[in-house]
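**Student:** Fold the following, please.
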Amino acid sequence: MQLAQNKKIYFASDQHFGAPTPELSFPREQKFVAWLDEIKVDAEAVFLLGDLFDFWFEYKTVVPKGFVRVLGKLAEIRDSGIPIYFFVGNHDLWMSDYFEKELNIPVYHDNKEFTFNGKTFLIGHGDGKGPADKGYKRMKKVFTNPISKTLFRWLHPDIGVKLAQYLSVKNKLISGAEDVKFLGEENEWLVLYSKRKLETKHYNYFVFGHRHLPMKLAVGKNSEYVNLGDWIGYFTYGVFDGKTFELKKLED
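**Tutor:** Here you go, the predicted model:
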């Protein structure tokens, strides 16, 4: 992709809409919709890197209710001709083809490479990558197993969705009971993952979410690791103008 003059690519992750309750989530949804309205003026493309929803499951004929303003704004932007790319996170990993059929937004279930203005990017949500998190990696295999999805689909949505939402909001990141702190480059597993990838191929930027902590670190020669933060406490997002990548914070 070659950016047109004065156009930018925007990145955002970890909105967790619906948590801890729909009522408390609503102001964050309003901020996000307003941000989408603002960036559509100069957006060449928009990348959403997962956990847009705190829980999402697609039955054959049913999706979780709510999020009308967010989905409507995404549809409006996509219908205007601006590409939107969605990467599933660990909270919305059961996303199937709803976004693709209803919104014409491609959905990716793993990292994907892109090149913008000659700069190479490796983009993804970031869950299950790197040397740590072995318990989650095992759990993810269970969650994404077709048999597990079929068994869950047999639950009535009123039961299945409510159960999943209850378990999801137990996440301390959403409840505010856990303060996310920088662990140092030697312990940040997405940093280690990025450095390992550089051993076989060069990327100018590794862009991930999941960590809920905005950071931008050099991981090699002309190579940076970027974590987009979240839309719970930080309200941060990424912008690439064709030359450089910046982390920005939503203005109050």
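
**Student:** drop to CA atoms for contacts and neighbour counts, all remaining ones
**Tutor:** Will do.

**Student:** does the spatially closest residue to W56 that is not a sequence neighbour sit in a helix, a strand or a coil?
**Tutor:** Counting by CA to CA, 6 or more residues apart in numbering, D92 is the residue found nearest to W56 once chain neighbours are left out, at 4.8 Å. At D92, secondary structure determined by DSSP: H, G, I helix; E, B strand; the rest coil is coil.

**Student:** hang on, D92 packs against D51?
**Tutor:** Yes - assessed by CA atoms under 8 Å, D92 is found in contact with D51 at 5.6 Å.

**Student:** more neighbours, those two?
**Tutor:** Remark: of D92 and D51, D51 carries more neighbours, 25 against 19, as counted by other CA atoms under 10 Å.

**Student:** just to confirm, which helix or strand has the more buried one in it?
**Tutor:** Per DSSP states H and E: D51 is located in neither a helix nor a strand.

**Student:** leaving aside the residues next to it on the chain, what's closest to W94?
**Tutor:** Excluding the flanking residues, the one nearest W94 by CA to CA, 6+ apart is F57, at 5.2 Å.

**Student:** Can you read off the backbone torsions of the one you found?
**Tutor:** Here is the backbone geometry of F57 (degrees, to the nearest 10): phi -140, psi 130.

**Student:** quick one, what contacts the residue nearest to W56?
**Tutor:** D92 sits next to G50, D51, L52, F53, D54, F55, W56, F57 when contact means CA atoms under 8 Å, 6 or more residues apart in numbering.

**Student:** ok, back up a step: before we move on, what's the pLDDT of the residue nearest to W94?
**Tutor:** The confidence metric pLDDT takes the value 80 at F57.

**Student:** now swap in A132 and tell me
**Tutor:** A132 carries a pLDDT value of 66.

**Student:** just the one 4 residues further on next, same as before
**Tutor:** We note a pLDDT of 59 for Y136 in this prediction.
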